[in-house]
Every structure is written in C-alpha cells, then in structure tokens.
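1. Give me a model of this one.
(one chain, ligands or ions: 2)
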Amino acid sequence: MSRIYLVPIHLNAPEWLGRLRACIEKTFGIRAKCCSFPIDLPAAFDPARNQYSSSLILQQLIANPPADARKILGITDVDLFIPILTYVFGEAQLDGIGAVVSLHRLKNRFYGLPEDNDLMVERLMKESVHELGHTFGLFHCAWFGCALNASTYVEDIDQKSCELCPDCRNAIGLA
Ligand SMILES: [Zn+2]
Ligand SMILES: [Zn+2]
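-> Residues are numbered from 1 along each chain as shown. Ligands and ions are numbered 1, 2, ... in the order given. As a prediction, the model looks like this:
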C-alpha cells in the first residue's frame, strides 16, 4: 500500500503533525505516515540571500524514497526561495514524488502580529494540500476557494480553503 510520507525537517515532534496528517489523508484518500529523513539544511543555505534553496532541499528529500512512498512532503521552518522569486511558501515537482513547504512566512510573528498557532496550522494544511496537488499533476486553479488557487501573499492563503474544488478532485480521480 502506498503512502504519503510527512517529513518534519529539523522540527522536534511538532504538535500539529497529527492534524496535518489527518487533513492530507482525508483530502487525497491515501494513508499518510510521519517519518524523518536526514536532511542537510546548511547545504541548502544561500549566504548571499540569507535564505534556503527549496530546490536543494527537495533534491535531498527525494534522493532515496521508501519503496512504498507515493509522495514525500518535507516541512521546514526556514525561509525558502527559488532563484526567480523573492520567496516561496513551498515548492513541488509537478507530477513527481516530492514537495516541500515552509512555516516561516505562515507565522504571524513574521508579519509583526501576535502569534496564532491555529492560524499557522490552517495555513500549513492549505499549503501542504496545494504543493501535494502539484505532485498529483494539478496546475493552479481559478476557483477562488480551492487549495490550488495560487497564493503570492499570506493574505491569499487566508482567503482559500484546504480543500480541492470539484474540478481539481475530478482531475486526479477523486470525484
Ligand atoms: Zn502552486
Ligand atoms: Zn481547484
């Protein structure tokens, strides 16, 4: 039986992992499992940008996937970038096995606002479903509330849900 692997990267036993796992299992109808892979974060650090390359983290994450891995989602709290963008909330291989998301810009603290753990977890669930959706071959979706709707700013994330719209569900055979 294939599984979606959830890999916290240098995060010790996060209390939200169970909620994230339940959300992913419900959304994609596939069992999820938490595990740890050794990830060398310093190797992905770019001193000129003071950020971490999401692509380099992704490469490490998918280097040796477990035999029953359908997807692998890494979760980190460092600030991620890809060369053409100032930052990214996450990155995924379109129609591939791997994705990575970051909590860094999902925390109110980053915006100078009082911390709200529930809100952070909701944002994490939305962005995790979003990036995993890409690994199932989904492109960005025009439906306003759909998790695959593109998010440039954290406010965009707050406008959407952690669920897939009927079109996206259909496209990956979940209808
Ligand atoms: Zn996207
Ligand atoms: Zn959609």
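2. Let me see the ranges of the strands in the chain.
-> For the chain, applying DSSP state E gives strands covering 3-8, 32-34, 45-46, 51-53, 69-76, 80-81, 90-92, 98-102.
3. Looking at these, which is nearest to ligand 2?
-> Evaluated with C-beta to the ion, these place strand 90-92 nearest to ligand 2, the distance being 15.1 Å. C-beta here means a position set from N, CA and C on the backbone, and glycine is covered the same way.
4. which strands and helices sit next to the closest one?
-> With contacts defined as 3 or more C-beta pairs under 8 Å, 6 or more residues apart in numbering; DSSP states H and E, the packing partners of strand 90-92 are helix 54-61, strand 98-102, helix 117-135.
5. Mind checking these for the one nearest to Leu41?
-> Closest to Leu41 of the helices and strands packed on strand 90-92 is helix 54-61 (C-beta to C-beta; 7.3 Å).
6. What parts of this structure come near ligand 2?
-> Cys141, Trp143, Cys146, Leu148, Cys165, Cys168 (C-beta under 5 Å from the ion).
7. Excluding sequence neighbours, find me the nearest residue to Trp16.
-> Nearest residue to Trp16, sequence neighbours excluded (C-beta to C-beta, 6 or more residues apart in numbering): Val121, at 4.4 Å.
8. which residues touch that neighbour?
-> With contacts defined as C-beta atoms under 8 Å, 6 or more residues apart in numbering, Val121 is in contact with Trp16, Arg19, Leu20.
9. can I assume the first one is in contact with Arg123?
-> No: no contact is recorded between Trp16 and Arg123 when judged using C-beta atoms under 8 Å, the distance being 10.7 Å.
10. more crowded one of these two?
-> Between Trp16 and Arg123, counted using other C-beta atoms under 10 Å, Arg123 has the larger neighbour count: 24 against 19.
11. how near is that one to Pro14?
-> Taking C-beta to C-beta, to the nearest Å as the measure, Arg123 and Pro14 are separated by 14 Å.
12. how about Trp66, what does it touch?
-> Not Trp; residue 66 is Pro. Applying C-beta under 8 Å, 6+ apart, the residues contacting Pro66 are Arg3, Tyr5, Cys35.
13. What subset of these is buried?
-> Those of the contacts of Pro66 that meet the buried threshold are Arg3, Tyr5, by 16 or more other C-beta atoms under 10 Å.
14. what about the residue lying farthest from the centre of the chain, distance to ligand 2?
-> The centre of the chain is farthest from one residue, Ala48, which by C-alpha atoms, centre = their mean lies 24.7 Å away. Computed as C-beta to the ion, to the nearest Å, the Ala48 to ligand 2 distance reads 36 Å.
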